[in-house]
Each structure stands twice: as structure tokens, then as C-alpha cells.
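Trainee: I'd like to go over a predicted model; first the sequence, then the structure.
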Amino acid sequence: MHYSRVSTPASRTYSAATAVLMNEILKGLISLMIAFSRIDVSPSSCESGPVQNCLLRTRKLWRDVLSPDCWKLSIPAILYVIQNNLQYVAASNLEAATFQVTYQMKILTTAAFSVVLLRRKLYPSQWISLLCLAIGVGIVQIQAGAGKHDSGTTLSDAMDPMKGFLAVVAACFTSGLAGVYFEMVLKNSSGDLWVRNVQLSLFSLLPALAPIMFNEGLYSPSAGEGLISSLFRNFGAWAWATVLVQVLGGLVTAMVIKYSDNILKGFATSLSIVISFLASVALFDFQMSITFILGSAVVLIATWLYNQQPTRVNLAPTKEPWL
Ligand code: C5P
């Protein structure tokens, strides 16, 4: 994502809003296909021919998608769209590795929302590790604010670390709240994961379209340019690759939340620090400082420490109206 944003001058970069919209459409279509294939139909209807069978499945699928409680997905849908847009702002203004380390603060926000909304209890060692996590991120920020690195890319001088940092912090809040809310909906109701994902994508369409509608530069195509081609202006291979990685990441995230939980997800994603650090060295000639190494090490140790305890969870069905 960082490379796709900074490898061309700002005037020739692609629209992040279009990328987010494409992400939601593709995720929705894939989820729809999986949900369709998982629909249970009675053996007798299978005997009535493929067309009949297909119609039955379609009708059942739409009944599930438009279930009375589908509105619950509107909340995480809006939050995820905001988060996905913020990620582009952050990745455009921070070094990839710095972004990834700072983004680990979502463990902190996820834990806070898990305690409040899921009534999850944390062990003292987990509170301590959260404190260490915040300290580690702070240390990494010292190097991010201390000056620009030679990222070897066209736009590295145009990066604004403070703007990037604020975008990551906001993304951490939406990530924590959306993730925990999605987990609550999944585990407090009987809906199929893939049907829930279709609902999530459907509710994402409107907020994902909003920045496109309100961004005049995009919505008013230049002379001779159609609306679709103006949306996909400068949308090259790197932009599509970014969208595909986001789609894959989103689908995997949904499965992790379903079969594990949000807090454990933090542990898995801490691996992303190591991977993005290695990729940054290869792609951007990233020069790490002692503060970066120290901060990243503190974040990794804090993440490891946090996940040493078994999760204590209270997922008894709740009576809250918003569930
Ligand atoms: O950073 P975090 O793990 O919170 O990112 C979650 C990502 O997964 C977001 O991009 C969100 O759109 C995506 N997601 C999804 N389907 C879900 C849950 C999350 O596509 N059911």
C-alpha cells in the first residue's frame, strides 16, 4: 500500500476511495459466492433440477441476507470503511514499517472495547503488556518524527508523519470497535459467517461511495473522460495489487474473528511488523535506527506477553438492544 501511494507524484496517484469501494465490492462478491455454495437445500429439491435448485438457493440466501437483524452489521460496516480510508492516509504519510508498528496500538483499543462490550477480563500481566505496547509505539514515533528517511521514493518528502500518526490512531479506534462489534454479532447470533460478510459489504457500499460522490475532483470527470474512467484514473497494477491484498486480508480477518477472537488476531498481526520491516528494507532501502529497533522489540515482546494468558471470555447472549 505504501509503495503504491508514494511511488508516483501526488498528481498521478490513484483514488484511495475507489480502492476502498473495490475492496468492498470484491469481498462482497466472494462472500456471496461462498454463502451461496453453503446454502442447505433439502434433498427433494435437488432432484427437481438445477434451475429449481438454483432458484431455491438464491431465495434462501436473500432471505438470510435480508434477515431482520441485518442492520446490526451497519455499525461495523461504517467503521471499517472509515478505517480502510484512514489506512491509505496513514500509509501515504508514514514509512511502511513505522505504520505497521504504530498500527499495533489496535491491540490496546481492541482490549479496551473487549473489556467494555464483551465484559472480557484481562490479567494484570496483560494490562502491563498493554502499557509496554504503548511505550514501544511511542519510542518508534520518536524516530518517525525525528526526520525523514531516505525511502528512495518520489513522494517521501511530501510525507507528513504527524498526519500519518493521527490517521493510524483513529484507525486503531475504528479497528478495535468494529472488530469487537463484529465478534459480538457473530457469536451472539446464529447467522452464517459468509452471510454476515455479505451484509457487511452491502452496508459498506454507501459509506464507501460517499467520499467519491463528495470529492468534486473525482466526480466531475475531465473533458472527454467518462465517470468510470475518472474513478479508475491512475489505477495501475500496484493499486489493484493493494486492493487484492486488502480483500484477502479482510476475508481472513473475518475467519480469524469467527474461529478465534480479536485479541488473538493481534498476536498474528504482530508478525506483520517483521514482514513489513523486511519488505521496507528491500523495497525502500529503509534505514532503521536504534530507536526503531528498540521500539519494535518492545512492541513484539508486549504482544507476545499479552498472548501468554488464555482468553477469559463472557459471550453469554446479551439483552442489549444494539445486539
Ligand atoms: O486492522 P484490522 O484487523 O482491524 O482490519 C480489519 C480489516 O478486515 C478491515 O479492512 C475490514 O474491512 C476487514 N474485515 C472484513 N470482513 C470482516 C471483518 C473485517 O473484510 N468480517
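Mentor: It's in.

Trainee: Could you pick out the residues of the stretch 101-250 of the chain near the ligand for me?
Mentor: Contact residues, the stretch 101-250 of the chain versus the ligand (Cβ under 6 Å from any ligand atom): 106, 175, 179, 182, 197, 200, 249, 250. Every C-beta, even on glycine, is put in place using the N, C-alpha and C of the backbone.

Trainee: do you know how far the fourth one is from residue 203?
Mentor: If I follow you right, that is residue 182. Going from residue 182 to residue 203 by Cβ to Cβ, to the nearest Å gives 12 Å.

Trainee: what number of residues lie near whichever residue of the chain sits closest to the ligand?
Mentor: Distances between the chain and the ligand by Cβ to the nearest ligand atom are smallest at residue 250, namely 2.5 Å. For residue 250, the count of nearby residues is 20 (other Cβ atoms under 10 Å).

Trainee: right, and it touches residue 23 too?
Mentor: Yes. If you go by Cβ atoms under 8 Å, residue 250 and residue 23 touch, sitting 6.8 Å apart.

Trainee: My guess is residue 246 contacts residue 23. True?
Mentor: Yes. Residue 246 lies in contact with residue 23 (Cβ under 8 Å); the separation is 4.7 Å.

Trainee: So those two - more neighbours on which side?
Mentor: More neighbours surround residue 23 than the other of residue 246 and residue 23, with 24 against 21 (other Cβ under 10 Å).

Trainee: among the residues of the stretch 101-250 of the chain next to the ligand, which two are most distant?
Mentor: The most widely separated members of those, counting by Cβ to Cβ, are 106 and 197 (20.1 Å).

Trainee: Under the pLDDT cut-off, which ranges of the stretch 51-200 of the chain? List them.
Mentor: In the predicted model, the stretch 51-200 of the chain carries pLDDT under 70 at residues 143-157.

Trainee: mind listing the helices for it?
Mentor: Here the stretch 51-200 of the chain has its helices, by DSSP state H, counting those that start in this stretch, at 74-93, 96-103, 106-117, 124-146, 161-188, 193-214.

Trainee: Pick the most buried one from the ones you listed.
Mentor: Of all the helices of the stretch 51-200 of the chain, helix 96-103 carries the top mean neighbour count, a mean of 27, counting by mean count of other Cβ atoms under 10 Å.

Trainee: what's the angle between that one and helix 74-93?
Mentor: Angle, helix 96-103 to helix 74-93, by axes from the mean of the first three to the mean of the last three Cα atoms, to 10 degrees: 140 degrees.

Trainee: hmm, back to that, could the residues of the stretch 101-250 of the chain next to the ligand go into TSV alongside distance to residue 6?
Mentor: Shown next, in TSV, are these (distance: Cβ to Cβ, whole Å):
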residue	distance to residue 6
106	23
175	23
179	28
182	31
197	31
200	30
249	20
250	23
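
Trainee: list residues touching both of residue 182 and residue 203?
Mentor: Here residue 182 and residue 203 share the contacting residues residue 73, scored by Cβ atoms under 8 Å, 6 or more residues apart in numbering.

Trainee: How about the contacts made by residue 92?
Mentor: 2, 5, 6, 16, 155, 159, 164.
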